[in-house]
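A.B. asks: The following block contains a protein sequence and its predicted model.
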Amino acid sequence: MKNFINNIPKAELHLHIEGTLEPELMFKLAKRNNIKLEYKTIDEIKNAYNFTNLQSFLDIYYSGAKVLQTEQDFYDLTYEYLKKCKENNVIHTEIFFDPQTHTARNIDFKTVILGITKALEDGKNELAISSKLIMCFLRHLSQEDAFKTLDEAMKFKEKIIGIGLDSSELGNPPAKFKDVFKKAKELGFKLVAHAGEEGSYEYINDALDLLNIHRIDHGVQAINSDKLMQRLKDKQIALTVCPLSNTKLKVFDDMKEHSIKQMLDYGLNVTVNSDDPSYFGGYMNDNFHAITNSLNLTKEDIIKLVKNSFNSSFITKEEKQNFI
Ligand code: ES4
Ligand code: ZN
């Protein structure tokens, strides 16, 4: 089973590039950019990754991102992740980036996006990994700030396939971003949003009704509403589930309590993803191993999960030919 999981070609649909910053690279970039870290050793960093909820993680995640300063830094961050894709047999990945985390520190939007996309081009040529880029708005900031970010992104429109919504869910419902998502849809972007991670299943309904999204990121709280489960099944809306993230952030106390197997058995279009692998203790294969061991998944389950990812990706029909 272990080899089966490791060897099967996979697609990843929920991955924050800032969440792939490994402690080793954090140290290297801090040194290169003359930034003082709060930690003295790699072990000290790893010991700080003891989260009690989403916010306790986000505080450390935003703080870690401060070492990213130059285009080369964003290139290195992205290329390191693509090497992990290769090791995990992830052949296609759809990557989130959070421009506001960087523009708020006076790093140019251009620096961020060019560093990331140059690495993606090299990753395609040198590692044969195909990719798409999704720009997320930080939901703890205002809709006005999101509009400004969308405006800045337009210079690089051809590099961005979609728009997402992440950061602190509680208290920042989908309704707050209704207008900017409407604008993004008119501009031709694909739409996704984090919903039903810590927040109630109502946020999943709202994300579908008010934001018109194509996929739900997380969505694990759907299990608490029969009506929503039926809706997600009927429409085959993809859920990008992140098992190790959910246990690290105490959405579920134990992997044995995770809802992914129940959702899969019910017939939902669920996928497996790594979210912020450097912070949550594992890349794609680790996520598959964790649910397989705790929830007794079969080979058929694994195949279904992997197929769901490719089918729910934003790869075009023409691009799909390359995978066959
Ligand atoms: C995130 Cl796990 C998670 N949830 C919401 N926003 C995020 N940004 C990065 N990781
Ligand atoms: Zn996420």
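C.D. replies: That came in fine, so what should we check first? Residues are numbered from 1 along each chain as shown. Ligands and ions are numbered 1, 2, ... in the order given.
A.B. asks: List the buried residues for the helix or strand where T149 lies?
C.D. replies: Element membership for T149 (DSSP states H and E) is helix 143-153. Going by neighbour count (16 or more other C-beta atoms under 10 Å), the buried part of helix 143-153 is 143, 145-147, 149-150, 152-153. Using the backbone N, CA and C atoms, a C-beta is placed for each residue, glycine as well.
A.B. asks: Which parts of the stretch 201-324 of the chain are helices?
C.D. replies: 202-211, 226-235, 243-248, 260-266, 277-280, 284-295, 299-312, 317-320 (DSSP state H, counting those that start in this stretch).
A.B. asks: Single out the most deeply packed of these.
C.D. replies: Comparing the helices of the stretch 201-324 of the chain by mean neighbour count (mean count of other C-beta atoms under 10 Å), helix 277-280 ranks first with a mean of 26.
A.B. asks: average pLDDT for that one?
C.D. replies: Helix 277-280 shows an average pLDDT of 98 in the prediction.
A.B. asks: which helices and strands sit right next to it?
C.D. replies: If you count contacts as 3 or more C-beta pairs under 8 Å, 6 or more residues apart in numbering; DSSP states H and E, helix 277-280 packs onto helix 54-64, helix 243-248.
A.B. asks: Dump those helices into CSV; add mean pLDDT and distance to L211 as well.
C.D. replies: Formatted as CSV, the helices and strands packed on helix 277-280 follow (pLDDT from 0 to 100; distance: least, C-beta to C-beta, whole Å):
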stretch, mean pLDDT, distance to L211
helix 54-64, 96, 19
helix 243-248, 98, 21
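A.B. asks: Compare those helices and give me the one nearest V192.
C.D. replies: Nearest of the helices and strands packed on helix 277-280 to V192, taken as C-beta to C-beta: helix 243-248 at 15.7 Å.
A.B. asks: Restricting to C-alpha, output the closest one in PDB.
C.D. replies: Once non-C-alpha atoms are left out, helix 243-248 reads as follows in PDB (Å, rounded to 0.1, in the frame of the first residue of the first chain):
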ATOM      1  CA  PRO A 243      -5.900  15.900   6.500                       C
ATOM      2  CA  LEU A 244      -2.600  16.700   8.300                       C
ATOM      3  CA  SER A 245      -3.600  20.400   8.400                       C
ATOM      4  CA  ASN A 246      -6.900  19.500  10.000                       C
ATOM      5  CA  THR A 247      -5.300  17.400  12.800                       C
ATOM      6  CA  LYS A 248      -2.400  19.900  13.400                       C
END
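A.B. asks: anything in that helix near ligand 1?
C.D. replies: Yes - under the criterion of C-beta under 6 Å from any ligand atom, ligand 1 is reached by helix 243-248 at S245.
A.B. asks: roughly how far out does that helix sit from the chain middle?
C.D. replies: Its chain's C-alpha centre and that of helix 243-248 lie 13 Å apart, by C-alpha atoms, centre = their mean, to the nearest Å.
A.B. asks: quick revisit: which residues does the helix holding T149 contact?
C.D. replies: If you take C-beta atoms under 8 Å, 6 or more residues apart in numbering as the criterion, helix 143-153 is touched by 99-100, 103, 109, 113, 135, 137-138, 160, 163, 176-177, 179-180, 183-184, 187.
A.B. asks: same deal with stretch 231-240?
C.D. replies: Contact with stretch 231-240 is made by 13-14, 192, 204-205, 208, 214-220, 222, 263, 266-271, 273, 308, 312, as judged by C-beta under 8 Å, 6+ apart.
A.B. asks: next one: phi and psi at the residue of the stretch 1-150 of the chain found nearest ligand 1?
C.D. replies: Relative to ligand 1, the nearest point of the stretch 1-150 of the chain is H16 (4.2 Å; C-beta to the nearest ligand atom). Note on H16: backbone dihedrals following degrees, to the nearest 10 are phi -90, psi 120.
A.B. asks: ok so, going back, at contact distance from ligand 1, anything in whichever helix or strand comes after the helix holding T149?
C.D. replies: Using DSSP H and E, the helix or strand that follows helix 143-153 towards the C-terminus is strand 162-166. Yes - Strand 162-166 is in contact with ligand 1 by C-beta under 6 Å from any ligand atom, via D166.
A.B. asks: What is strand 162-166 packed up against?
C.D. replies: Judged by 3+ C-beta pairs under 8 Å, 6+ apart, the packing partners of strand 162-166 are strand 90-97, strand 130-138, helix 178-186, strand 190-195.
A.B. asks: please redo it, this time with the cut-off set to 6 Å
C.D. replies: The contact analysis (3 or more C-beta pairs under 6 Å, 6 or more residues apart in numbering; DSSP states H and E) places strand 162-166 against strand 130-138, strand 190-195.
A.B. asks: who does that strand pair up with?
C.D. replies: Paired neighbours of strand 162-166 in the sheet (DSSP bridges): strand 130-138 (parallel), strand 190-195 (parallel).
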